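> After the sequence you'll find the predicted model.
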Amino acid sequence: MAVTTATRPAISVSGLRKTFGDTVVLDGIDLLVTEGTVFSLLGPNGAGKTTMVRILSTLLPADAGSIRVAGHDLAADPDGVRGAIGVTGQFSAVDNLLTGEENLRLMADLHHLGRAEGRRRIARLTDRFDLGELARKPVSVYSGGMRRRLDLAMTLVGEPRLIFLDEPTTGLDPRSRHAMWEIIRGLVAEGVTVFLTTQYLDEADELADRIAVLDHGRVVVEGTPEELKRRIPGGHIRLRFPDLTALHAAAHLVATGQPDDDALTLQVPSDGDVRSLRTLLDRLDDAHVEVDHLSIHTPDLDDVFFAFTGTPASTTADHATTGGHR
């Protein structure tokens with residue numbers, strides 16, 4: 001997770017509303033994203049995540065609300081917003097017929113960079129994203145992970161201080177996902193702000209400083225990953241014993257525990273803090289009750305997601321796209 005001391009808002013949203021016909025997609029959204037952090041927007045399929053990204057990146061007009069992005073009023077100065085941000089959609093927007101280097105050069109030309117400055121940025125990004133000799137080969141031979149790295153490198157040609165990443169690791173294998181995480185962490189360490197939508201809750205848990213969960217067009221909960229997980233009951237310590245005698249003795253000492261004779265375990269409600277764990281073990285030790293093994297179970301973001309949306313996280317993939325680079 002990113003660590004930052006920044007306090008200025010990169011994105012400020014108040015009363016954002018968007019409808020399509022009679023369907024309300026975003027209904028009075030308020031958000032504040034601090035500079036130099038990762039802000040993750042989660043939500044079930046159709047909750048409005050991609051619509052939010054499209055509005056904040058000037059690709060779609062809002063019906064109502066006050067929005068400032070990268071210090072610019074979105075309604076009054078959309079060009080100022082476009083000049084300050086980068087957008088990477090969940091589907092790669094690279095040209096398969098060009099080499100990686102040619103794709104980067106195309107972006108440099110679109111940003112009206114001089115030849116020398118364009119070469120400098122392309123060389124730096126090629127090195128940063130470890131494209132190496134592959135940069136001189138057609139993108140058609142790239143793996144999915146390499147395509148996504150090139151996709152993000154193209155977004156960074158314009159050196160944006162705010163980046164919208166819509167499902168950046170969709171379809172990637174675990175190694176490529178972790179490589180992308182390290183790239184994102186590196187950007188934030190340099191002061192870049194990342195607005196992330198993702199279907200992978202472990203990704204939000206790993207990267208996000210703050211998370212907002214969107215459901216039926218409204219933000220239903222917001223906070224740091226740890227704050228959100230603490231709001232969900234169900235944390236417990238699970239103790240395993242060598243025999244039934246030890247298990248029953250422990251169950252007699254700990255009235256709140258739920259014994260399982262078949263598994264020789266006792267499940268004790270707990271928020272997982274060290275003090276309560278130490279107190280429990282000391283109590284068992286004083287009574288000479290032997291414990292073979294213990295594990296601590298705390299709610300995760302899947303539990304948060306289900307509690308606030310009623311939807312299992314595994315069904316939340318959102319396959320809309322934000323479009324290409326900006």
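Good, I have the coordinates.
> all helices in the stretch 101-250 of the chain, in order from the N-terminus.
For the stretch 101-250 of the chain, helices defined by DSSP state H, counting those that start in this stretch occupy the ranges 115-128, 144-156, 174-189, 201-207, 225-230, 244-253.
> Distance from the helix or strand immediately after the last one in the chain to the middle of the chain?
By that I understand helix 244-253. Next helix or strand after helix 244-253 toward the C-terminus (DSSP states H and E): strand 258-260. A distance of 36 Å separates the centroid of the chain from that of strand 258-260, by CA atoms, centre = their mean, to the nearest Å.
> Contacts for strand 258-260, please.
Residues outside strand 258-260 that contact it (CB atoms under 8 Å, 6 or more residues apart in numbering): L247, H248, A250, A251, T265, L266, Q267, V268. (Glycine included, C-beta is placed from N, CA and C.)
> Please spell out which residues along that strand are buried.
For strand 258-260, the neighbour count (16 or more other CB atoms under 10 Å) marks P259 as buried.
> which regions of the stretch 151-300 of the chain lie under the pLDDT threshold?
In the predicted model of the stretch 151-300 of the chain, no residue satisfies pLDDT under 70.
> and D215, bridged to which residues?
R218 (DSSP bridges).
> Show the contacting residues for V268.
Contacts of V268 by CB under 8 Å, 6+ apart are H236, I237, R238, L239, V254, T256, G257, Q258, L280.
> Could you do T169 as well?
By CB under 8 Å, 6+ apart, the contact set of T169 is R148, S176, R177, M180, W181, T198, Y200, E203.
> For the contacts of V268, pick the one with the most neighbours.
Scoring the contacts of V268 on neighbours with other CB atoms under 10 Å, the highest-scoring entry is L239 at 26 neighbours.
> in the sheet, who's paired with that residue?
Per DSSP bridges, the residues bridged to L239 are L266, L294.
> quick one on the thing from earlier: which among the contacts of strand 258-260 count as buried?
The neighbour-count test (16+ other CB under 10 Å) marks L247, A250, A251, T265, L266, Q267, V268 as buried among those.
> Any chance of CSV for these, columns distance to A84?
Below are the buried ones among the contacts of strand 258-260 laid out as CSV (distance: CB to CB, whole Å):
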residue, distance to A84
L247, 61
A250, 60
A251, 61
T265, 55
L266, 56
Q267, 51
V268, 51
